[in-house]
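Chemist: Need coordinates for the following:
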Amino acid sequence: MHCFTSVKSCAVLDVIAPPYSESSGPAGQAKVVHGPDNYAWLEALNVPVNINMRPGMYTGPTIQV
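Modeler: Predicted coordinates for the structure are as follows:
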């Protein structure tokens with residue numbers, strides 16, 4: 001769950017990724033379902049046979065909190 005509070009105008013890029021470990025299940029088994037409460041939920045989905053996913057590490061600047 002995420003919670004963002006802004007003092008000034010801001011933009012947020014939130015990337016939804018597959019499970020973080022193989023023990024969590026096959027990668028890529030999710031789709032977004034929008035509910036009547038304006039929340040988006042993830043729902044299980046079969047992985048397409050032609051899916052191409054690559055793991056990556058953030059290599060940008062250090063973020064100060």
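Chemist: Now do N52 against L13, distance only.
Modeler: 21 Å (Cβ to Cβ, to the nearest Å). (Each C-beta comes from the backbone N, C-alpha and C, glycine too.)
Chemist: Phi, psi for A40 please.
Modeler: Phi and psi for A40, reported as degrees, to the nearest 10, are phi -110, psi 130.
Chemist: So for it, what's the pLDDT?
Modeler: According to the prediction, A40 has pLDDT 71.
Chemist: Bridged to it, which residues?
Modeler: With DSSP bridges applied, A40 shows beta-bridge pairing to H34.
Chemist: And it, how close does it get to S9?
Modeler: A40 sits 22 Å away from S9, going by Cβ to Cβ.
Chemist: all strands of this protein, in order?
Modeler: 31-34, 40-43 (DSSP state E).
Chemist: Counting neighbours, go ahead and name the busier of A40 and S9.
Modeler: A40 (9 against 5; other Cβ atoms under 10 Å).
Chemist: Return the distance of the more buried one relative to V49.
Modeler: For A40 relative to V49 (Cβ to Cβ), the value is 26 Å.
Chemist: What is the neighbour count of W41?
Modeler: The local packing of W41 (other Cβ under 10 Å) involves 11 other residues.
Chemist: All set, thanks.
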